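K.L.:
Just need the structure, nothing else, for what follows:
(2 chains)
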Amino acid sequence: MKIRLTAAVALTALLGLTACGGDSAESDGPATLRMTIWSANEAHLKLFNEIAAEYTANKPEVAAIDFDPIPLENYTTTLTTQIAGGNPPDLAWVMENAAPDFVNSGALVPLDDTLKATEGYTFDELAPAATRLWQADGKLYAYPFSTSPFGVFVNTDLLTEAGAKAPAELISAGQWTWPNALAAATAVQAETGKAGLVVRDFDYKSWDYLSTVWTGWGARAWSEDGKTCGFNSPEMVDAMTALHKAIFVDKALPGPGTTADFFAGEAGMTIAQISRASLLADQKFDWDLVPLPAGPKGEYAVIGQGGMGVLKKGKNAELAADFLAYLTNPANSAKLAQFFPPPRTSLLTAETLAKTNPLLSPEQLQQVVIDGIADGVVKPSHTGQAELNQAVRAALDPLWQPNADVRSVLDGVCSTINPLLAK
Amino acid sequence: MSVLTRDTAGRAGDRPAPGGAAPPGRRGWWTTRRRDQLAGLLFIAPQLVGSVLFVLIPLGLVVWYSLHEWNVLADTFEFVGADNYRAMAGDPNLPSVLWVTALFSVGLVAFNLSLALLLAVLLNQRLRGTVLFRTLFFSPVVVSLVAWTIVWGFLLQDNGGVNGLLGTLGLDGPNWLRGDTTALLSVIVVQVVKNVGLNMVLFLAALQGVPAELYEAARVEGANAWTRFRRITVPLISPTILLTSIITVVGSLQVFAQIAVLTQGGPGTSTTVLVYYLYQRAFQFHQFGYGATLSVLLFLIVLALTVVQWRMRRRWVFHEQ
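P.N.:
Numbering: from 1, shown residues only, chains lettered A, B, ... in the order given. Next up, the predicted model:
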């Protein structure tokens, strides 16, 4: 018995030792930083790698910076799993719907001191509207590198083919409203067989993207303090009724279980963020970018944000914070601005943005980006967002049936999520 | 397995008494038996170390985690005793999750085993082309699960291939993955078509082991095809039926990728099976402690079902009387 036990123990110990060996090897010497991101766009990666190369050239402590793209759908889950598995990245992008969880949990390192101490950083010019979501107890836990308003990308070729009025025309006539936008979408579907209007990334699952629609009706997922459910408010019922009719009666939006990619020319219009414009670089169709149509409550804007934070559990938190300060300094912010509208007020002018956004005209930048950031409503987010997300998704599912009773489904959403909001 | 245990136990019994053990290095200690024992140990070591490292230790850790409240983001790990188990007893979602899991498993096992047996019986005939069909039905088994599921996800879309095919027949197919019943049914069928080939091959091998004389004798006695199947085939392949039913039941309780890719537990919660629910709680809601508690529950369910099936084998499996 003894010999067997000894052999087993010896073998286990041996394996244990070899397993530990991996860690101790990288104690000294320059560090390699890893940053998880959700964009696999080549142009984005190229820019990040350029900035990283400049940084490492002057920073002997850092050997390299790896940008690690994770698919958007599972981004937060994958990131959390990496943290749980003891393999946290040094830096991570944080999605706005996960912001309250990340900011309040203490998973991130406060950045104020590092950023303020960086020469030429001009910390004070960060727009308060942009940083609000990323602060707790007066400290900034993630840098909102992207404050990106939603706009409507239009395939003008398809709209012309369908005989629908171009949104640009409607805007100058003061008629760019939801009914007219949906009518144009219906025309595209009826005349060309392509999809009319696609709310990008919604896919009848990520319901928070619908805030780009219902905000026009003055509806909100929940109250400002996050305690009261807004899904059964009269405004929400009106917005969802209009949307339901547009999907199932007028076919203005592709129904559940149908996919259509605007950027592959499969849809007349799509609601998406300005950072998607890079997908249009080699497009063969004519396109336009316009603000969201006016709702019954008038004109409005919705913004999605992305934050960039330093993980407390990362091995090189100090170096990582230093790199973050470099990556987001005024000069590099101006470069990043071609994809991600920055939170720096000095950069938020049509002229500055136009320099780095050759695809978009100054009018588009002014209308969609600058005005959007000034008075935009941020997509819904809440502490415990993942659980809320799942609960709302499941409770909203009955709405995506042709004969759904909108009012009672929305009442159901509120009775499901009220206990969660009260937490 | 049992043979091995008995064998080693026997040998352990006739080892020299501890008093007679000579210090290492001397000839007297290094007997042939000890050398054999060491060789045997080294042979099973890779498997043993693997099991300990990747099965037993994680299993123990899961039970340990289930006694804690562990929030990864906040980096908190607090001992809470049986709190998670109390929470599980009062979890309002759990009854529906267990019901969906049961529906899924029963549907999958029944459909999988009957289809596998039917295919095996059909392909056991001496006809032309059976090799082609065997290959055809077995090939999905070796396809990557996620790739297989993603392709089916496209086929099952409202405007996808399945409904297109139905359309050419003049039928208006449902929106498969968006209806409560059709979504569960779709996941079951996708899973069965993927794995039925494996059970089919096992059944084929068993069928070919049934002696032809028995059928001849039965035919002489005037038994028809159904009686021959029921009285000869089924009893003689019953050990394989037991094996396939155990692996299929256990497999059905562990289905995850198909749900994650095809439905994400929806619409509503109509396809949220236990494993997927566990994943949501642990990895999406950051409740690792409660997730571990749910996996202990899953482990107990699988264990109980396997024990029941194993016990029942004496009643109906040939060779086991």
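K.L.:
per-residue confidence for the residue nearest to residue A:98 when sequence neighbours are not counted?
P.N.:
With Cβ to Cβ, 6 or more residues apart in numbering or on different chains as the criterion, residue A:98 has its nearest non-adjacent residue at 4.7 Å, and that residue is residue A:76. (Glycine included, C-beta is placed from N, CA and C.) As predicted, residue A:76 sits at a pLDDT of 90.
K.L.:
now the helices: where do they sit in the stretch 201-321 of chain B?
P.N.:
Counting by DSSP state H, counting those that start in this stretch, the stretch 201-321 of chain B has helices at residues B:212-220, B:225-228, B:234-236, B:238-253, B:257-262, B:274-279, B:288-316.
K.L.:
Determine the three-state secondary structure at the residue nearest to residue A:98.
P.N.:
helix (DSSP: H, G, I helix; E, B strand; the rest coil).
K.L.:
measure it to residue A:93 for me?
P.N.:
According to Cβ to Cβ, to the nearest Å, residue A:76 and residue A:93 sit 10 Å apart.
K.L.:
who in the stretch 1-150 of chain B is up against chain A?
P.N.:
Neighbours of chain A within the stretch 1-150 of chain B, by Cβ under 8 Å from any Cβ of the partner chain: B:12, B:34, B:37-38, B:41-42, B:45, B:48-49, B:52-53, B:71-75.
K.L.:
how many other residues sit next to the one residue in the stretch 301-423 of chain A that gets nearest to chain B?
P.N.:
The stretch 301-423 of chain A approaches chain B most closely through residue A:397 (3.9 Å), counting by Cβ to the nearest Cβ. When neighbours are defined as other Cβ atoms under 10 Å in any protein chain shown, residue A:397 has 23 of them.
K.L.:
Number of residues surrounding the closest residue in space to residue B:161 that isn't next to it in sequence?
P.N.:
Closest residue to residue B:161 in three dimensions, ignoring its sequence neighbours and counting by Cβ to Cβ, 6+ apart: residue B:155, at 4.1 Å. Residue B:155 is surrounded by 16 other residues when neighbours are defined as other Cβ under 10 Å.
K.L.:
got it, and residue A:295?
P.N.:
For residue A:295, the tally of surrounding residues (other Cβ under 10 Å) stands at 22.
K.L.:
wouldn't it be in contact with residue A:211 here?
P.N.:
No - under the criterion of Cβ atoms under 8 Å, residue A:295 is not in contact with residue A:211, lying 11.8 Å apart.
K.L.:
joint contacts of the two?
P.N.:
Overlap between the contact sets of residue A:295 and residue A:211, as judged by Cβ atoms under 8 Å, 6 or more residues apart in numbering or on different chains, is nil.
K.L.:
Report pLDDT for residue 124.
P.N.:
Let's take chain A. Residue-level confidence at residue A:124 comes out at 91, pLDDT.
K.L.:
try chain B instead
P.N.:
Each residue has a pLDDT score; the one for residue B:124 is 88.
K.L.:
now it, nearest residue through space, not along the chain?
P.N.:
Sequence neighbours aside, residue B:207 is the residue nearest to residue B:124 in space, at 4.7 Å (criterion: Cβ to Cβ, 6+ apart).
K.L.:
Let me see the contact set for that neighbour.
P.N.:
B:120, B:121, B:124, B:233, B:237.
K.L.:
Most neighbours among the residues of the stretch 1-150 of chain B next to chain A, please name it.
P.N.:
Note: the member of the residues of the stretch 1-150 of chain B next to chain A with the most neighbours is residue B:72, at 23 neighbours, neighbours being other Cβ under 10 Å.
K.L.:
How many residues are close by the closest residue in space to that one that isn't next to it in sequence?
P.N.:
Take residue B:72 and drop its neighbours on the chain: the residue closest to it by Cβ to Cβ, 6+ apart is residue A:84, 4.2 Å away. For residue A:84, the neighbour count with other Cβ under 10 Å is 18.
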